[in-house]
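K.L.:
Need a 3D model of the following:
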Amino acid sequence: MLAACGRPDTLLERIKANDELIVVTRNAATTYYEGPYGPTGLEYDLALLFAKRLGVRLNIIVPDNFSDLLGMVERGEAHIAAAGLTVTEARQRRVRFGPSYQTILPQLVYRAGTDLPKNLGDLPGLLEVVSGSSHEEALAALQPQYPELSWLSNSTQDSAELLQLVWEQLIDYTVADSNDVAIHQRFYPELRVAFDIDDPDELAWAFTAGADDSLYQEAVDFFEKLRSSGELDQLLERHYGHVQDFDYVGTRRYMSHIQQRLPQYIDLFESAAADTGLDWRLLAAVGYQESHWDATAESPTGVRGLMMLTLHTMKFLGLKDRDDPEQSIRGGARYIRMLKDRLPARITEPDRTWLALAAYNVGYGHLEDARILTQKQGGNPDKWIDVKEALPLLAKKEWYKQTKYGYARGQEPVRYVENIRSYYDILVWDSERQPGAPLPVPIFPTDLLTL
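P.N.:
Numbering: from 1, shown residues only. I've put the predicted structure just below:
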């Protein structure tokens, strides 16, 4: 096709004319997957924003094998490979990489309870990595330093599946990116990092290496604007902000309680969710944060019940018995729904949910105070990543004296929301496991599972 001036259309012009941006990615927690509210993942969110910037539809393609990603871009079958790709010298000979948007570490992973390897020359068991991955490139580069180093290349399973195989003790080691490890440790708590195998790596999108750099230049400007506006940080926080502080004992206790305590309350959570339009797993995660699914729990301040409702809130909701699990769950769900509906309509998900949960914990008035402080500091009062930085200021006199509702223990709602986010993710994973898939089994004394 020729442009009006007689020159061939650029790739960017053809994409706009065809109303379609074709992005090849991989199906993984760090990139693209079907979440409770539809497609999600960092790469999906970034690609969707880029497609909207171009004013075109987004067409996501997931090839059968990881090794097909770059080839599809080279052959013109996809415009971009957005798949958590590490920038390596070998790959740069095939494609052009855009700006880096995330830094990760390649890490050797093993299972707790087995011997901790000291270095890559000290691997008595089986090391398996994804075929064609940057990890395989890194191992090949390190082999002269460790002549005894050997590994198997797996062309049929992805990094998440290899991490599961390590946890199941079907293989001894794998190499995974630090962001992948952080996410999957919550599902497989015995996974451990032995050491980083190399220096930090940069992740970036891959474009065709041809002379036409119109799409590449558009992406350069796109990422620059994302970075300068703070939106890139917001996206990274959305996907990784709640997984940084891994708590092995707490995660193990939670997974045990999913099997032992949750079944007696699932019907009540599902019923309350149906009445309020909320996800039952979110309500269950709130209930766990509040009481560890113990209907007789009582806080030092006298708040009681599975959802820890105050007497004032119970009366406001027209309920009578805080100790009754059905009333407590129904009341908690209705109150969360009310808080979500009370927030300004312009606030979108998932920030709307996280802000409502913060209000559930600290009170709506204190949340509004924190949102006002957020705005005073130049942040976005509609974004959780900014508001959670302002909430702890409510405990400092120089700040809370500027607010309507005064002092509050502002760090508590931050921990509260981040805990619920992790509990929710684990419940989603647990409820969507394939039938018959193995459950994590505690490897420490059962007295650690008691409250």
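
K.L.:
Distance-wise, check the nearest residue to R409 once chain neighbours are set aside relative to D115.
P.N.:
Spatial nearest neighbour of R409, excluding adjacent residues (Cβ to Cβ, 6 or more residues apart in numbering): A395 at 5.8 Å. Every C-beta, even on glycine, is put in place using the N, C-alpha and C of the backbone. Going from A395 to D115 by Cβ to Cβ, to the nearest Å gives 45 Å.

K.L.:
Same question for P325.
P.N.:
46 Å.

K.L.:
Equivalent analysis for L236, please.
P.N.:
L236 is 35 Å from D115, by Cβ to Cβ.

K.L.:
ok, back up a step: out of P325 and D115, which sits in the busier spot?
P.N.:
More crowded of P325 and D115, by other Cβ atoms under 10 Å: P325, with 22 against 12.

K.L.:
any low-confidence regions in the stretch 301-450 of the chain?
P.N.:
301-302, 433-450 (pLDDT under 70).

K.L.:
Domain ranges for this protein, per the record?
P.N.:
Following automatic domain parsing, the chain resolves into domains at 11-99+203-240, 106-199, 248-431.

K.L.:
now do the same end-to-end measure for stretch 143-156.
P.N.:
24 Å (Cα to Cα, to the nearest Å).

K.L.:
tell me the mean pLDDT for it?
P.N.:
Across stretch 143-156, the average pLDDT comes to 92.

K.L.:
How about residues contacting it?
P.N.:
Here stretch 143-156 makes contact (Cβ atoms under 8 Å, 6 or more residues apart in numbering) with 65-67, 119-121, 123, 126-132, 136, 139, 142, 162.

K.L.:
Give me the buried entries from those residues.
P.N.:
Buried subset of these (neighbour count, 16 or more other Cβ atoms under 10 Å): F66, L120, L123, L127, E128, V129, V130, S131, G132, E136, L139, L162.

K.L.:
Distance to S256 for the residues you listed - can I get that in CSV?
P.N.:
Listed next are these as CSV, based on distance: Cβ to Cβ, whole Å:
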residue, distance to S256
F66, 34
L120, 35
L123, 32
L127, 31
E128, 29
V129, 32
V130, 32
S131, 36
G132, 38
E136, 37
L139, 36
L162, 26
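
K.L.:
Now flag whichever of the residues you listed is closest to P381.
P.N.:
Nearest to P381 among the buried ones among the contacts of stretch 143-156 is F66, at 40.6 Å by Cβ to Cβ.

K.L.:
Under a three-state scheme, what state does R96 occupy?
P.N.:
Under the three-state scheme (DSSP: H, G, I helix; E, B strand; the rest coil), R96 adopts strand.

K.L.:
my read: it touches A209, true?
P.N.:
Yes - the criterion here is Cβ atoms under 8 Å, and R96 meets it with A209 at 4.7 Å.

K.L.:
Between those two, tell me which one has more neighbours.
P.N.:
Per other Cβ under 10 Å, whichever of R96 and A209 has more neighbours is R96, with 18 against 15.

K.L.:
Now do the buried residues in whatever helix or strand L162 lives in.
P.N.:
Here L162 sits within helix 159-167, counting by DSSP states H and E. Neighbour-count burial for helix 159-167, counted by 16+ other Cβ under 10 Å, picks out S159, A160, L162, L163, Q164, L165, V166, W167.

K.L.:
try stretch 335-345
P.N.:
So for stretch 335-345, counting by 16+ other Cβ under 10 Å, buried means Y335, I336, R337, M338, L339, K340, L343.

K.L.:
can you pull the contacts of the fifth one?
P.N.:
Same thing as L339. So L339 contacts A356, A359, Y360, Y364 (Cβ under 8 Å, 6+ apart).

K.L.:
rewinding a little: I'd like to know which of the buried ones among the contacts of stretch 143-156 is nearest to L191.
P.N.:
Using Cβ to Cβ, L162 comes nearest to L191 of these, at 10.8 Å.

K.L.:
Pretty sure the closest one sits against V130.
P.N.:
Yes - if you go by Cβ under 8 Å, L162 and V130 touch, sitting 6.7 Å apart.

K.L.:
Just say helix, strand or coil for the closest residue to A138 other than its chain neighbours.
P.N.:
With sequence-adjacent residues excluded and distances taken as Cβ to Cβ, 6+ apart, A138 is closest to D198, at 4.9 Å. Here D198 is recorded as coil under three-state DSSP.

K.L.:
Count residues in the vicinity of D198, would you?
P.N.:
Residues within reach of D198, counting by other Cβ under 10 Å, total 17.
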